[in-house]
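Visitor: Let's see this in three dimensions:
(one chain, ligands or ions: 1)
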Amino acid sequence: MIKLSNISKTFNRGKANEVKALQNISLDIAPLQYVVVVGSNGSGKSTLLNLIAGSFLPSVGEIEIDGNNVTRLQDFERSRWIARVFQNPLSGTAPDLSILDNFRLAALRTVSKGLRVGTSSAFKNEFINKIALLGMGLENKLEQPMGTLSGGQRQALTLLMSVMDDCKILLLDEPTAALDPRSARLVMETADRLIAEFKLTAILITHNLKDAHMHGNRLIQMAEGEIIKDFSGENKLSLTQPDLFSWFS
Ligand SMILES: Nc1ncnc2c1ncn2[C@@H]1O[C@H](COP(=O)(O)OP(=O)(O)OP(=O)(O)O)[C@@H](O)[C@H]1O
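Guide: This is a model prediction of the structure:
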């Protein structure tokens, strides 16, 4: 689904502040893989996601998505494949609009997955069913302004809105970093559920090693712009939390 071939990214090349953020990364992510990426600050995790999303172009190397060479495509040209959720629960929604109007806007932006845009009760009911899946009771607060919801509630709704279109890839860049532990758990559970339901290929960046242990079916550790550990399937399952903590001690 995602294939990176010999990717390097250097910022400020040739200047005193040159940074080799990624160094000759090759990575093949199969459809439906849910890859968790861990690594110390500055190890290149966000740069990796930015390159996949098209926010930056690589200095060297090729990127394929779903068999298409997207190396030189801008982020908006890749958005038909990719949805992205950031750390800040305030981003990506309109705070003064109601939950329902935010979903109407999101549906208008995209070819929706089973949601027909409109004011009809059919649209509302389809949306109510989707939002009820979050298990937060938000289906009873459709007219409430988005800005009055908690960070966790907003982040869960943002996740749902981002995967409603026909994207195949979900990029999660520390989506729970700004949340309290209970909200963070709810958002991670929501992400797991949506990734399974919409059959997505996903990449999650996290500094939370418990989440890295519990979620996903592949775990990658980055250091100094390189992938230094890569565990999939049974190999990931056999890792213990102390194993992960020992990588950072
Ligand atoms: N736009 C940029 N311009 C210059 N340097 C950058 C830019 N983006 C990232 N870098 C540098 O590239 C390196 C990797 O940064 P990156 O944000 O990918 O790390 P990270 O692993 O996501 O870190 P963190 O865990 O702190 O978010 C760092 O040294 C960073 O300062």
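
Visitor: Which residues of this structure lie near the ligand?
Guide: Residues of the chain lying close to the ligand (C-beta under 6 Å from any ligand atom) are 11-12, 19, 21, 39, 41-47. To be clear about C-beta, it is placed using only N, CA and C from the backbone, and glycine gets the same treatment.

Visitor: Could you rerun that using 5 Å?
Guide: Contact residues (C-beta under 5 Å from any ligand atom) of the chain with the ligand: 11, 19, 21, 41-47.

Visitor: So which residues of the chain form strands?
Guide: Applying DSSP state E to the chain gives strands spanning 2-11, 19-29, 34-39, 60-65, 68-69, 82-85, 169-173, 201-205, 218-223, 226-232.

Visitor: Name only those of the residues of the chain next to the ligand that count as buried.
Guide: Buried subset of the residues of the chain next to the ligand (neighbour count, 16 or more other C-beta atoms under 10 Å): 21, 43-47.

Visitor: Tell me the confidence at residue 118?
Guide: Residue 118 carries a pLDDT value of 57.

Visitor: Then the one 5 residues further on?
Guide: As predicted, residue 123 sits at a pLDDT of 73.

Visitor: what about it, distance to residue 190?
Guide: 22 Å (C-beta to C-beta, to the nearest Å).

Visitor: same deal with residue 177?
Guide: In this structure, residue 177 and residue 190 are 16 Å apart, going by C-beta to C-beta.

Visitor: circling back to that earlier point, same drill for residue 123 and residue 190, tell me which one is more crowded.
Guide: A direct count of neighbours by other C-beta atoms under 10 Å for residue 123 and residue 190 places residue 190 higher, at 22 against 18.

Visitor: Show me what the helix ranked longest in the chain packs onto, helices and strands only.
Guide: The longest helix of the chain (DSSP state H) is helix 181-197. Helix 181-197 sits against helix 151-163, strand 169-173, strand 201-205, helix 209-214, with contacts defined as 3 or more C-beta pairs under 8 Å, 6 or more residues apart in numbering; DSSP states H and E.

Visitor: repeat that for 10 Å
Guide: Using 3 or more C-beta pairs under 10 Å, 6 or more residues apart in numbering; DSSP states H and E, the elements in contact with helix 181-197 are strand 34-39, strand 82-85, helix 151-163, strand 169-173, strand 201-205, helix 209-214.

Visitor: Return the subset of the residues of the chain next to the ligand lying in helices.
Guide: 45-47.
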